[in-house]
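Colleague: what follows is a protein structure lacking sequence information:
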């Protein structure tokens, strides 16, 4: 008889417990986490087609929400052929590939330039510049993969 091999996943124990074994407050919150994950994933999928909407942050947020609300959906997302590797890299190292960093910052610059060329009001341009600078700073300070 071969020995049974087990391994631990980096998730809280409560994420793998049946819903009926959880205390009532956690049992009531899990559907909210799952709903937040579904909404985040939907926004991420919409972001694939819309250049002004980011995909990656919403998919990562969906993974976080599914990890707290639905182990089955979290496992499905990790096994997804497009989203799975991105989530696994992020969960393992917090790294962003260098070409993605360049693409993200370039997209922000093009979006800002387009808004300026289209005559967007100055207040909006200032808000965009501040928020895009914060976003670019965060992306550029993540480790490279």
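Modeller: On my side now, so go ahead. As the structure is a prediction and not an experimental result, all values here were calculated from the model. Residues are numbered from 1 along each chain as shown.

Colleague: for this structure, what spans make up the helices?
Modeller: Taking DSSP state H, the helices of the chain run over residues 24-49, 56-69, 71-79, 83-93, 98-117, 122-141.

Colleague: now tabulate those in CSV and tack on mean neighbour count.
Modeller: Every C-beta, even on glycine, is put in place using the N, C-alpha and C of the backbone. Converted to CSV, the helices of the chain look like this (neighbours: other CB atoms under 10 Å):
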stretch, mean neighbour count
helix 24-49, 15
helix 56-69, 21
helix 71-79, 16
helix 83-93, 15
helix 98-117, 14
helix 122-141, 12
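
Colleague: okay, and the helix or strand of this structure with the least pLDDT?
Modeller: Every helix and strand of the chain was ranked by mean pLDDT, DSSP states H and E. The lowest is helix 83-93, at a mean of 84.

Colleague: can you give the contact residues for that one?
Modeller: 10, 44, 56, 59-60, 63, 77-78, 95-97, 143, 145 (CB atoms under 8 Å, 6 or more residues apart in numbering).

Colleague: mind giving me the domain ranges of this protein?
Modeller: 1-94, 95-145 (automatic domain parsing).

Colleague: ranking these by mean pLDDT, which is last?
Modeller: Note on the domains of the chain: lowest mean pLDDT is at domain 1-94, with a mean of 77.

Colleague: middle-most residue in this protein, spatially?
Modeller: The residue lying closest to the centre of the chain (CA atoms, centre = their mean) is residue 60, at 1.5 Å.

Colleague: now that residue. Nearest residue, chain neighbours left out?
Modeller: Spatial nearest neighbour of residue 60, chain neighbours left out: residue 90 (5.7 Å); criterion: CB to CB, 6 or more residues apart in numbering.

Colleague: tell me how far that neighbour lies from residue 126.
Modeller: Relative to residue 126, residue 90 is positioned 31 Å away (criterion: CB to CB, to the nearest Å).

Colleague: and residue 143, by the same measure?
Modeller: 31 Å.

Colleague: now swap in residue 94 and tell me
Modeller: On the measure of CB to CB, residue 94 and residue 126 end up 30 Å apart.

Colleague: what of residue 44?
Modeller: Note on residue 44: its distance to residue 126, by CB to CB, is 28 Å.

Colleague: with adjacent residues omitted, what lies nearest to residue 36?
Modeller: residue 65 (4.4 Å).
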